[in-house]
Structures are given as structure tokens and as C-alpha cells.
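> coords please:
(one chain, ligands or ions: 2)
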Amino acid sequence: MSEILTIAQMYEADKQTIANGLPGEVLMENAGHAVVDAILARFQPCSVSVLCGPGNNGGDGFVVARLLRARGWNVRLGLMGEVAGLGGDAALNARKWTGATERLSAALIVGAELVVDCIFGAGLARDIEGDIADIVHAVNDSSAKVVAVDMPSGVDGMSGQVRGVAIDADVTVTFCRAKPGHYLLPGRALCGERVVADIGIPDAIVAALKPDIYLNTPRLWADHIVWPGLAGHKYHRGHVLALGGAQTTGAMRLAARAARRAGAGLLTVLADPAALPLYAQDMPGVMVAPIARFEDMMQDCRHNGVIIGPGAGIGDDTRRRVVHALHCARACVLDADALTSFAEDPSTLFFAVQGPTVMTPHEGEFSRLFADMDGDKVTRARAAARRSGAIIVLKGADTVVAAPDGRVAINDIFAPWLATAGSGDVLAGIIIGLLVQGMPAFEATSMAVWLHGQAGHKFGPGLIAEDIPEALPALLSDLWRAGVAPDSSPH
Ligand SMILES: NC(=O)C1=CN([C@@H]2O[C@H](COP(=O)(O)OP(=O)(O)OC[C@H]3O[C@@H](n4cnc5c(N)ncnc54)[C@H](OP(=O)(O)O)[C@@H]3O)[C@@H](O)[C@H]2O)[C@@H](O)CC1
Ligand SMILES: [K+]
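Ligands and ions are numbered 1, 2, ... in the order given. Below you'll find the predicted structure:
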């Protein structure tokens, strides 16, 4: 299950499931059971405090408290507000709770070994303040383990942002499908271990909602990988034109190596004649040509992909070459200087986009091109993709890939080692390497981001950008051997 549901889709799925005949009471009971199963799998019987808010997240808490107490656990429960103020299934489960209902306060944390956070879930509507903020601080300052129900209270389910303060959980149990806030930072870090539990919402109801946000896993793109065929030759695997810098040559050398490791059949570096020996000596497998030949070479449609940006320099030359490459409607990857060169006039860039185009800004480059966009990372990347007509890779520890048609992939990998010079150049290279082999742009870009993340994660401490292309053969072999591609049989 790699779909991610928005909060609105989740409410809709609940509503339709109930309309289909599965009562809300059963959904809440199933949710409580799922949380208890997660607790039983991780913790021994201990003193538990269940913190309940005024909505259905609190209702889940009453179920959890009842089920744990039935197993002989020592359970205290605190409620924000009055039992009389609860409605619907939460009120029903409050009536089934036979223990004391205390006032929600920091006193509940004293002596608790486990805290179950059911203050706010999907319905968090504003910043947490006052007494509730004090309780959140008390939980975070205590040594108790914390299991959050649906979302850690205070984490916005859509953006992953903290609304005032937020619970820092060890485990978060959510229902049916994950929400963006489980994967976007800082929400991802505050969730701790994430568990997605089935509570009886049919897959068909989820599918009918047409989710278009996905977790970036091979399931999203493996069927689209273009593996070389038995009778294939290098021209079938694409020919990249890499527009290298005159002075800063390292960036494009890294990108070129990555493109070739990702499977591009041929790669020609075009650069200032004085710099060409540097490229040629470093990489015997690439061809080199003077940058003045770029427009000529673009007339040959076998040159089916262009990467421009790493080390390119900011200014008119770069702008002109980018616009030319885009007008030729070849696969284009635009990074770094190729993006910053349009900071004063982004609409010229967007207007030129024709073929499969990928832009890979970090937050600084993004805000130069899309200065007026705000909101969470998914919203911004999606809006930028729509406006530009390009696939947008909004980089970071929670990289988001967005397509102009609205599809979004969120990366979920622990690879802080990737924050190193040249790492972004390598990513841009992997993307063009996959694009020229004929993979569709959204899938190729998502796969490249995944490979890059996996390379960083597996290599671990000590990683430098040069290591990333060298990690690709093993990762690609694993994908190929796993048979995730339909015709990947080596026989
Ligand atoms: N059938 C289903 O739907 C199922 C749902 N399930 C569960 O329901 C949860 C969603 O329930 P929910 O919609 O009641 O929202 P919830 O998170 O409990 O909070 C709403 C309450 O909090 C209040 N409030 C909000 N922010 C606040 C703030 N900063 N400071 C103070 N108050 C604030 C808000 O007040 P209001 O804005 O109305 O004034 C309202 O009273 C979902 O996460 C899952 O756990 C499962 O049981 C599976 C079946
Ligand atoms: K919660």
C-alpha cells in the first residue's frame, strides 16, 4: 500500500464506509484494537495514562483504555473537557469505560510508564496553547514511552508541521493509509515508528477516491523501468548531452558519471574547449565536444536528453541554452544554475517547457522561481509543477516529486549523509540517465530519488558524492534480479 490519503480523503473514506453499512462504532472499536495490538507487540504490562481530547481521537482513547484494562493493565484516563461534551462514537465509548475519568492534566504523567496520546488526530484545527501545551511539554519531558493515535497531537496531518507544540512519539498508529504529515518533516521525526493499521475500510473505497500522493517505493515505478533487451545496443539506451561548466567542472563530471551508471548508453559533454581535456581525461567513456556545437548537435534526434545546470554559471549563455534545449522538446533536466539563471524571469522558463522536463531545486532555488508559493511541501511542489509544466523535485530530507498532472511521491528514507557537496549533481545525473532510456518522467524521477536515497542510506557515514554513482550497480541489480520489471528474467 503505497498510497497516502489526504485528511479530507480519509474523512470521506470513513463516511463512505459507514454509508456502506459498517458503523462508525465498529471503525472506532477496530481502531482501538489496532492500537492495543501495536502496544502489546512492543511493551510489557505497565502503568498507562491515556490522554483523551474532545473528538473522535479521544474516542479511540476510551477504547484503548477499556481494552488494556480488560487485560489487567494499570490504566488511568484523562479527558479534555466534560464527558457530557462528547458526541457520537466518542460519547458511546466514554459510557463503556468503567474506570475513573480524570481531568486532563500533567498530573496524569507522573508515574506513567506509557502514555497513549489521543488528544488530537485528524481534527487538529489550530495551534495548541495554554494548559494543553503544558501537558504536551510534560509528556515530552517525561521518561514515559509514547504511543500516538493517528497523529502525534500537534502535528498537522497534511503538512507535518507543528501547530504550536507537538507530542514526540515513539510509535504512531494510523488507520487505513498514512497521511502526508507522517512522511513530511518534522512530522515524520515526531511519529517515531509508524504503523498503518487496517480498520475495515474497503480498498475499493480508497481506490475510488483516486489518491494521487504516494510513498516513493519501487511499487510506484518498477513496472516502468526500461531494461535493455537482448538485441539492444547502446543507441537504444539514449544519448545524453551534458552541458558542462568552463571553470567548475566537478559538478558535471559527477552528474555524467551518475547518468552513465544509471544506464544512459552514450554521453557527450559539451563545454568550453579549454575545459574539454579535463572532462575527457577524467572519464574515458564519455565523448566531448565544444559547447559552440550544442545547437547543431540538437538537430540530431538521437541526442535525446540534455542536462544543464551543474557548474553551468548563471547568466545569458545558460538561459539561451536552456530555452533552446526546451524548445527541442527533448528530455531535459535543469538544476542549480540553470534554474537560478531565470530568477528574474521565471515565466520565460516555464513558457519554453515542451518535452519531459525535470527541475530539481532545493528550497532556496525553489523560492527564487516560485516566490509567491507558500504552504506545505506537497502543496508547493504540486503547484510549481502545474505552473511550470515540469516535474518538480523539491529536495530535502523528505524529498517530494510532483508532476503537472497532480501526482506526488514523497521519499521516506534516513540518509542524512546525502547532505554533502555534489550530491544534488549526482541526483540530476541519475534522472537524465533514466529519462534517456525512455522511462516516463514522473516514474524516472521518483526512481532516481529513491536510488539516490538508498545509496546514501546503505553507504552511511563517510559518504561523499563520488560514492553515490558507484552504489547504483548493486541497487539496480537488486531491482533487476527481484524481477520487479515484467521482462527482467535473465533467461
Ligand atoms: N469514523 C471516523 O471518523 C473514525 C475516526 N477515528 C479517529 O477520529 C479522529 C478524528 O476525529 P475528529 O474529527 O473528531 O478530530 P479530533 O482529532 O479528535 O479533534 C477534534 C476536536 O479537537 C478540537 N481541537 C482541534 N484542534 C484544537 C486545538 N488546537 N486546541 C483545542 N481544541 C482543538 C476540536 O474543536 P473545534 O475545532 O471543533 O472547536 C474538536 O473538538 C481520527 O484522528 C481518528 O483517531 C477513528 O476512530 C476511526 C474512525
Ligand atoms: K493523537
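
> tell me the contacts of Lys179?
With contacts defined as C-beta atoms under 8 Å, 6 or more residues apart in numbering, the neighbours of Lys179 are Ile4, Leu5, Thr6, Ile7, Met10, Ala122, Met151, Gly157, Met158. No exception for glycine: its C-beta is placed from N, CA and C like everyone else's.

> pLDDT value on it, please?
At Lys179, the pLDDT value in this model is 98.

> Please, a PyMOL command that selects the buried ones among the contacts of Lys179?
In PyMOL, this line selects whichever of the contacts of Lys179 come out buried by 16 or more other C-beta atoms under 10 Å:
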select buried, resi 4+5+6+7+10+122+151+157+158
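
> Going by distance to ligand 2, which of the contacts of Lys179 wins?
Met151 (5.3 Å; C-beta to the ion).

> Could you check how far that closest one is from Gly61?
Noted for Met151: a distance of 13 Å to Gly61, by C-beta to C-beta, to the nearest Å.

> same check, this time on Ala343
Applying C-beta to C-beta to Ala343 and Gly61 gives a distance of 50 Å.

> what about the two, which has more around it?
Gly61 (29 against 14; other C-beta atoms under 10 Å).

> Confirm the more buried one sits in a strand?
No - assessed with DSSP: H, G, I helix; E, B strand; the rest coil, Gly61 is helix; it does not lie in a strand.

> wait, what's in contact with it?
Neighbour list for Gly61: Val50, Leu51, Cys52, Gly53, Leu77, Val116, Cys118, Val149 [criterion: C-beta under 8 Å, 6+ apart].

> Could you look up the SS state of the closest residue to ligand 1 within the stretch 201-350 of the chain?
Nearest residue of the stretch 201-350 of the chain to ligand 1 (C-beta to the nearest ligand atom) works out as Ile201 at 8.6 Å. Classification of Ile201 using three-state DSSP returns coil.

> Can you tell me which of the contacts of Lys179 is nearest Ala428?
The closest of the contacts of Lys179 to Ala428 turns out to be Ile4 (C-beta to C-beta; 25.6 Å).

> picking up where we left off before, roughly how far apart are the residue of the stretch 201-350 of the chain closest to ligand 1 and Asp168?
Taken as C-beta to C-beta, the span from Ile201 to Asp168 is 28 Å.

> Number of residues surrounding the residue of the stretch 201-350 of the chain closest to ligand 1?
Using other C-beta under 10 Å, the number of residues around Ile201 comes to 22.

> Same question for Asn20.
Count around Asn20 with other C-beta under 10 Å applied: 11.

> how about the strands in the stretch 251-400 of the chain?
266-271, 287-290, 305-308, 331-334, 357-359, 391-394, 400-402 (DSSP state E, counting those that start in this stretch).

> closest one to Ala208 among those?
Here strand 400-402 is closest among these (C-beta to C-beta), at 22.8 Å.

> Following the closest one in sequence, what is the next regular element?
As assigned by DSSP states H and E, the chain's next helix or strand after strand 400-402 is strand 408-410.

> for the helix or strand following that next one, what is the average pLDDT?
Following strand 408-410 in sequence order, the next helix or strand is helix 423-435 (DSSP H and E). The average pLDDT within helix 423-435 is 97.

> again with stretch 131-145
Averaging pLDDT along stretch 131-145 gives 98.

> Give me the buried positions along that stretch.
Ile132, Ile135, Val136, Ala138, Val139, Asn140, Ser142, Ala144, Lys145.

> picking up where we left off before, would you mind giving the contacts of Gly61 as JSON lines with distance to ligand 1, neighbour count and secondary structure added?
Listed next are the contacts of Gly61 as JSON lines, based on distance: C-beta to the nearest ligand atom, whole Å; neighbours: other C-beta atoms under 10 Å; DSSP: H, G, I helix; E, B strand; the rest coil:
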{"residue": "Val50", "distance to ligand 1": "13", "neighbour count": "31", "secondary structure": "strand"}
{"residue": "Leu51", "distance to ligand 1": "12", "neighbour count": "31", "secondary structure": "strand"}
{"residue": "Cys52", "distance to ligand 1": "9", "neighbour count": "32", "secondary structure": "strand"}
{"residue": "Gly53", "distance to ligand 1": "5", "neighbour count": "26", "secondary structure": "coil"}
{"residue": "Leu77", "distance to ligand 1": "15", "neighbour count": "27", "secondary structure": "strand"}
{"residue": "Val116", "distance to ligand 1": "11", "neighbour count": "29", "secondary structure": "strand"}
{"residue": "Cys118", "distance to ligand 1": "7", "neighbour count": "34", "secondary structure": "strand"}
{"residue": "Val149", "distance to ligand 1": "5", "neighbour count": "34", "secondary structure": "strand"}
